[in-house]
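Undergrad: Output the structure for:
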Amino acid sequence: MKNNVNYILEGGRVVDTKRGIDNIMDIGIDSGCFCDPKSVNNPRRINVEGLIIAPGFIDMHVHLRQPGAVDKETIKTGSMAAAAGGFSTILAMPNTNPVADTTGSIDYLRRNAAENAIINILPTGCITKGRKGKEMAGIDGLKKSGIVAITDDGDCIHSNELMYHVLEYSKSFGLTFKTLSFGRICKSLFILCWAIKVEQNKNIPITINISLIEKF
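TA: Coordinates of the predicted model:
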């Protein structure tokens with residue numbers, strides 16, 4: 001959706017850690033792009049004192065629930081909620097119904113996101129078929145369909161050998177391996193330490209939700 005109105009945001013706190021900026025200043029928006037406020041023609045002025053202006057945030061773990069549970073969330077409503085919170089990019093978890101373990105499911109998400117989402121939605125694919133932790137999904141095809149990471153979300157892989165092969169595949173396809181519940185499902189902190197070791201030795205990016213690991 002295009003908006004032809006130009007703006008000047010006045011008096012906001014501009015934070016951009018990549019550029020080392022953290023100052024109170026005015027920001028111009030011309031044809032949808034940030035610019036020097038002095039160059040904006042016929043702007044609408046908005047006072048944003050006390051507010052923060054920053055690059056869009058990225059949420060690495062979002063449940064959009066579509067398909068399968070649209071009474072809880074849809075791709076459209078999820079993207080609208082994210083935008084309202086300042087998030088311009090989100091990663092969609094694959095625990096839909098059916099789960100996102102095929103190229104068709106990824107194509108569906110991308111197609112629907114292109115038609116209905118108001119932010120960037122990046123798909124993730126299942127590590128294993130049906131998220132059952134027993135047989136590796138077709139990661140090659142999922143990668144070609146556009147996934148950026150693989151995860152079984154709240155479920156765990158039940159075999160160390162399968163885990164190793166999955167991590168090797170992740171590396172070869174340049175995919176992040178994202179896990180949520182090593183401790184709760186696998187009942188072993190050894191798995192966590194092993195995953196960290198693999199990440200260091202094999203140069204495979206792994207994200208782990210430490211807060212969900214139980215104490216034994």
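Undergrad: now stretch 20-28: how far from the chain's centre is it?
TA: Between the centre of stretch 20-28 and the centre of its chain there are 27 Å (C-alpha atoms, centre = their mean, to the nearest Å).
Undergrad: Please read the previous query as pertaining to stretch 61-68.
TA: Remark: stretch 61-68 is offset 12 Å from the chain centroid, using C-alpha atoms, centre = their mean.
Undergrad: Please save the CA atoms from that stretch in CSV.
TA: What follows is stretch 61-68, C-alpha atoms only, in CSV (Å, rounded to 0.1, in the frame of the first residue of the first chain):
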residue,chain,number,x,y,z
HIS,A,61,10.1,-16.7,17.0
VAL,A,62,6.5,-16.0,15.9
HIS,A,63,3.5,-18.3,15.7
LEU,A,64,1.2,-17.2,12.9
ARG,A,65,-1.1,-20.3,13.2
GLN,A,66,-2.1,-20.3,9.6
PRO,A,67,-3.1,-22.7,8.3
GLY,A,68,-4.8,-24.8,10.9
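Undergrad: For that stretch, buried residues please.
TA: If you call a residue buried by 16 or more other C-beta atoms under 10 Å, then stretch 61-68 has these buried ones: 62, 64, 65, 66, 67. All C-beta spots, glycine's among them, are computed from the backbone N, C-alpha and C.
Undergrad: Identify those among those residues that sit within helices.
TA: Among these, no residue falls in helices (DSSP state H).
Undergrad: Which one of the residues you listed is nearest to residue 157?
TA: Of all these, residue 157 sits closest to residue 62, with 22.0 Å by C-beta to C-beta.
Undergrad: what bridges to the closest residue to the closest one other than its chain neighbours?
TA: Using C-beta to C-beta, 6 or more residues apart in numbering and skipping residues adjacent in sequence, the residue nearest residue 62 is residue 90, 4.3 Å away. Beta-bridge partners for residue 90, by DSSP bridges, are residue 59, residue 121.
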